[in-house]
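Asks: Curious how this folds, go ahead:
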Amino acid sequence: MAKYSGGKASTMVPSKKSAPVRTGENVALTYEGDPGLYRKPKGELFVLAVNYMGEQENAFYESGLDRQSRYVELIHHVTKKDPTWMQGFIPFLRKEAYMRTASVVAACEYVAAGGPQGAAVLDSALQRADEPAEALGYWLLKYGRSIPFPVRKGLNRAMGRLYTEYAALKYDGGSRGVRMGDVIELTHPKPKEEWRSDLYRYLLDRRHHPTNVRVGLENLPEIKKWRELQEIDRDARRDYLRDNGPYALVDSGMTWETMSEWLPGFGDAESWEFIIDTMGYMALLRNLRNFDEGGVSDTAANRVIAKLIDPERVARSMQFPFRFLSAYKNTTSTRWTWALDRAMDLSTANIPKLPGRSLVLVDVSGSMSKLLSNSSSVMNYEAGAVFGVSQFISAGFQGSLVAFGTHSVNIRLSKGTSVLKGTEALVSVANLGTVGHGTNTWAALEEHYDGHDRVFIFTDMQSFAMNGNGKPALLESIKVPIYNWNLAGYRATNMSVGSENHYEMAGLSDVSFRQIALLESMQDSHWPWEEHAVL
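Replies: Residues are numbered from 1 along each chain as shown. Take a look at the predicted model:
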């Protein structure tokens, strides 16, 4: 039974401020058949982009190819209507929303659609040394070998920032379809520095003469050391590392991936401890189980833990909070638990603390039981749980945390519970299947709303009404803000947004929480890259 007149009434004044993602007048149906609305093109593009994993990644209701076609069509439409908006959106997508493939595709299609400043836009989308080759590969696959000037110029700019000796050794593996040498060959850069000229010649030579590189290495000391390591007899390599101690691999560009091929018997404790101090944050996070299976010492493990819980490293790593849940699920020992617990708390530290009581509804229905990507071990509902629990904890445990499917259940967390442990508690309800596999969003809202100051819904928008629960009347009765968090990027949304305190948020970083902070402080929320205009 609805509780609109019962319990503790909201003390917050509804803001009714505007947010950027809005629905238009076109009525639609969700994939579950519930009445819904289409967003305006910019909103649809934004929501799809921050949930985009590429054409090979199928969603529960929509194939990867269908999503790809819709994505490209929206990019071209918005580019023609408002290229300035796209010029802000694309670098945001890469640098703040942490979407690699989505930003590469968006930048290439922006150029293909005739957007101005194409070289600068493409350059802004490329932030890792393997991405120029990824962009070129996309262009070649989609548009062939006729490469327009903005693409060549943008790739040249990116190469000048990103191509280093270390990057060449890490990202130019022979298994890649498009190599760094291909990017150089097809874009004709003219480097000014002697070392960079030698590096480009080396990459070209390596592409075409992998067993007979003819470029001198005097200006490339890191590559020179790497090649010297390759010349050591395989059976003598472990002794070489023992003899030279911790400095054996310094300035050699050796990564754990290349070391696994270089060192016979790689994978035991000794071999991991040769390389562990030079591994990056993501590499450490991915290999915790391998460290255990290899038997690394507690001393080495403590060095890993110190890096995992370092606030600056967590921030620089740009890891989605759910990555820590994935690492936790993949570990087999308990010695990493505290570190992952702490790291997840740090990764969600920017979520603003909102006054009053919040109702947090997390969708754990069947359609949310889809892996985030083919390479992920995390389900959509688990990612939703991370953000739902984070928001609940940031509000000082004031309010209600609810898991819902066909039915719903209140998740009770004691004060002091960490994000990881709270997520684990909510996920356990989903795994037991006690709430069913439907998506009865509005019944859950009706059952649990009790004068809260705001409502968060973490879902894929596939709601349906059961037992006569009428959605329009219900939503009109609740006057406080409702933040509907879209975790799948489907085309239709399940309620009107952009007015009447209804807001749609998207993405798996904390960017949208900044918009919520603006709305709650009685300010209009602009697109995230425009926030500086109102902060």
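Asks: so what's D277 up against?
Replies: 246, 303 (CB atoms under 8 Å, 6 or more residues apart in numbering). C-beta here means a position set from N, CA and C on the backbone, and glycine is covered the same way.
Asks: Can you pull out the low-pLDDT segments for the protein?
Replies: 1-39, 51-64, 174, 461-474, 488-500, 506-512, 514-515, 518-519, 521-525, 531-535 (pLDDT under 70).
Asks: Show me the strands in it, by range?
Replies: 23-29, 35-39, 358-363, 399-404, 408-410, 454-459, 482-486, 492-493, 502-506 (DSSP state E).
Asks: Give the burial count for the closest residue to G280 other than its chain neighbours, as a bare number.
Replies: Among residues not flanking G280 along the chain, S317 sits closest, at 8.0 Å (CB to CB, 6 or more residues apart in numbering). A count of nearby residues for S317, using other CB atoms under 10 Å, gives 19.
Asks: how much space is there between S317 and A168?
Replies: According to CB to CB, to the nearest Å, S317 and A168 sit 23 Å apart.
Asks: G295 reaches E270, doesn't it?
Replies: No - between G295 and E270 there is no contact under CB atoms under 8 Å: 9.2 Å.
Asks: So those two - more neighbours on which side?
Replies: A direct count of neighbours by other CB under 10 Å for G295 and E270 places E270 higher, at 17 against 13.
Asks: residues contacting that one?
Replies: Contact analysis of E270 by CB under 8 Å, 6+ apart lists R238.
Asks: Neighbours of the closest residue to N219 other than its chain neighbours, how many?
Replies: Nearest non-adjacent residue to N219, counting by CB to CB, 6+ apart: W195, 4.2 Å away. For W195, the tally of surrounding residues (other CB under 10 Å) stands at 14.
Asks: now W195: how far from E165?
Replies: 8 Å.
Asks: Check the contact lists of the two and give me the overlap.
Replies: L220.
Asks: Quick check: closest non-adjacent residue to K353.
Replies: S394 (5.2 Å).
Asks: So what does N440 have for phi and psi?
Replies: Main-chain dihedrals, N440, degrees, to the nearest 10: phi -90, psi 70.
Asks: Wait, it touches F404, no?
Replies: Yes - contact criterion CB under 8 Å: N440 and F404 qualify, at 6.7 Å.
Asks: who has more neighbours, the two?
Replies: Taking neighbours as other CB under 10 Å, N440 and F404 compare with F404 leading, 29 against 24.
Asks: ok, now how distant is the nearest residue to that one once chain neighbours are set aside from L359?
Replies: Nearest residue to F404, sequence neighbours excluded (CB to CB, 6+ apart): A444, at 3.7 Å. As judged by CB to CB, A444 and L359 stand 9 Å apart.
Asks: Can you check which residues contact both of the two?
Replies: Common contact partners of A444 and L359 (CB under 8 Å, 6+ apart): V402.
Asks: More neighbours: these two, which one.
Replies: Shown here are A444 and L359; by other CB under 10 Å, A444 has more neighbours (27 against 24).
Asks: which residues does that one contact?
Replies: For A444, the contacting residues are 361, 402, 404, 408, by CB under 8 Å, 6+ apart.
Asks: Could you identify which of the residues you listed has the most neighbours?
Replies: Highest count within those by other CB under 10 Å belongs to F404, 29 neighbours.
Asks: can you pull up the bridge partners for that residue?
Replies: Applying DSSP bridges to F404 gives these bridge partners: D363, S408.
Asks: So K95 versus M318, what's the distance?
Replies: K95 is 9 Å from M318, where distance means CB to CB.
Asks: actually R161, sorry about that
Replies: Counting by CB to CB, the separation of R161 from M318 is 17 Å.
Asks: and G154, how many neighbours?
Replies: Look at G154: counted by other CB under 10 Å, it has 27 neighbours.
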